[in-house]
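Trainee: next come a sequence and a model predicted from it.
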Amino acid sequence: MTWNDEVDPSALALRLNDARRERRAVAPLTSGLPGLAVPDAYTVQEEGIRLRQADGERVVGLKMGLTSEAKRRQMNLDSPVYGVLTDRMRVAAGGVIALGQAIHPKIEPEIAFRTSRELRGQVTRDEVLDACASVFVAMEILDSRYRDFKYFSLPDVVADNASSSLFVLGEVEHPPRAMDLTKLEMRMSVNGALAQSARSDAISGDPVVSVIQLCELLARRGQVLPAGSIVLAGAATVAHMLQPGDRVRLDVEGLGSVEVSAA
Ligand code: 0L1
């Protein structure tokens with residue numbers, strides 16, 4: 001579609017930004033704009049990030065979404081997407097998520113990277129490993145700004161910053177070549193009981209492939225993955241809906257653990 005005065009990306013971004021700030025679920029954008037395409041949706045996402053930057057937030061990295069087959073099937077959405085992480089979205093390891101400040105939050109087990117060099121366009125697995133200073137355990141809290149999770153389409157998710165809300169990072173960072181990143185057992189427990197488990201190759205077949213895909217998606221927008229970025233490689237399983245009192249812990253073989261609570 002082409003933008004006109006009625007379909008203005010800034011206005012759509014403002015609608016989603018207000019929904020986030022006011023913790024109010026809104027109708028998917030495509031319910032009024034069925035022609036909204038994924039590239040247009042990334043324009044809305046970028047406008048939304050500009051609003052957050054104008055409010056003092058600093059971009060610290062990117063997240064991949066819809067990386068596991070389990071998640072794609074659950075959401076009935078078929079390709080990976082990315083969103084942007086800001087400093088204000090970070091929760092300290094062991095910290096508390098205030099559920100009253102969210103709409104319908106859910107949490108997912110992830111693996112994260114920290115880049116030490118810029119990555120641009122088509123990159124190889126070796127180039128990603130060379131450009132990443134470290135790999136570590138992470139969880140992402142999603143909080144789609146749309147009513148009912150199941151009615152939205154890919155452009156809706158993209159425009160809504162891939163549902164990203166908060167993230168928590170493990171405190172111990174490891175060199176990315178120190179282990180086989182495709183074979184790590186990941187176990188997420190809630191209040192001591194196992195809630196989700198998977199092997200790390202559930203993330204796009206290999207979490208490093210997720211970073212390769214991120215670079216390709218960014219290149220389509222004429223963008224690069226900057227040095228010093230945190231990259232959440234995407235979830236290995238479906239998400240757990242957070243309830244007050246939940247204590248969520250993720251253990252990843254070889255990478256350690258991280259915990260967060262919900263109140
Ligand atoms: O991180 C993700 O998988 C993005 C997908 C968002 C859909 C959802 O809100 O669960």
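Mentor: Sure thing, it's come through. Numbers count the residues shown, from 1 in each chain.

Trainee: let me see the contact set for the residue of the stretch 151-263 of the chain found nearest the ligand.
Mentor: Taking CB to the nearest ligand atom, the ligand has its nearest neighbour within the stretch 151-263 of the chain at Ser163, 3.2 Å off. C-beta here means a position set from N, CA and C on the backbone, and glycine is covered the same way. With contacts taken as CB atoms under 8 Å, 6 or more residues apart in numbering, Ser163 has the following neighbours: 65, 83, 142-145, 157.

Trainee: which two of those residues have the greatest separation?
Mentor: Pairwise distances across those peak at 14.2 Å for Gly65 and Arg145 (criterion: CB to CB).

Trainee: return the residues in contact with Asp156.
Mentor: With contact set as CB under 8 Å, 6+ apart, Asp156 has these partners: 28-30, 36, 41, 146.

Trainee: now it: closest residue in space that isn't a chain neighbour?
Mentor: Spatial nearest neighbour of Asp156, excluding adjacent residues (CB to CB, 6 or more residues apart in numbering): Pro28 at 4.3 Å.

Trainee: pLDDT weak spots in the stretch 101-250 of the chain?
Mentor: Low-confidence segments of the stretch 101-250 of the chain, defined by pLDDT under 70: 149-151.

Trainee: recalculate using a threshold of 80.
Mentor: In the prediction, the stretch 101-250 of the chain carries residues with pLDDT under 80 at positions 148-152.

Trainee: contact residues of it facing the ligand?
Mentor: Residues of the stretch 101-250 of the chain lying close to the ligand by CB under 6 Å from any ligand atom are 142, 144, 149, 157, 162-163, 235, 239.

Trainee: the residue nearest to Asp156 and Val157 touch, don't they?
Mentor: No - the pair formed by Pro28 and Val157 falls short of the contact definition of CB atoms under 8 Å, at 9.1 Å.

Trainee: quick one, which of those two is more surrounded?
Mentor: A side-by-side neighbour count of Pro28 and Val157, using other CB atoms under 10 Å, places Val157 first with 25 against 21.

Trainee: output the host helix or strand of that one as CSV, restricted to C-alpha atoms.
Mentor: When secondary structure is defined by DSSP states H and E, Val157 falls within helix 154-159. Once non-C-alpha atoms are left out, helix 154-159 reads as follows in CSV (Å, rounded to 0.1, in the frame of the first residue of the first chain):
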residue,chain,number,x,y,z
LEU,A,154,2.5,-10.5,10.6
PRO,A,155,2.3,-6.8,9.7
ASP,A,156,0.5,-6.1,13.0
VAL,A,157,3.3,-7.9,15.0
VAL,A,158,6.0,-6.0,13.1
ALA,A,159,4.4,-2.6,13.6
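
Trainee: in the stretch 151-263 of the chain, which spans are strands?
Mentor: Here the stretch 151-263 of the chain has its strands, by DSSP state E, counting those that start in this stretch, at 164-169, 185-190, 193-199, 230-235, 240-241, 247-252, 256-262.

Trainee: got the buried residues for the third one?
Mentor: What it means is strand 193-199. Going by neighbour count (16 or more other CB atoms under 10 Å), the buried part of strand 193-199 is 195-196, 198.

Trainee: redo those as TSV? Include distance to Arg21.
Mentor: Listed next are the buried residues of strand 193-199 as TSV, based on distance: CB to CB, whole Å:
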residue	distance to Arg21
Ala195	30
Gln196	30
Ala198	33
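
Trainee: what is the nearest of these to Ala227?
Mentor: Sorting the buried residues of strand 193-199 by how near they are to Ala227, with CB to CB, puts Ala198 at the top with 29.9 Å.

Trainee: leaving out chain neighbours, which residue sits closest to Ser257?
Mentor: Among residues not flanking Ser257 along the chain, Asp251 sits closest, at 4.5 Å (CB to CB, 6+ apart).

Trainee: residues touching that neighbour, list them.
Mentor: With contact taken as CB under 8 Å, 6+ apart, Asp251 is in contact with 137, 186-189, 257.
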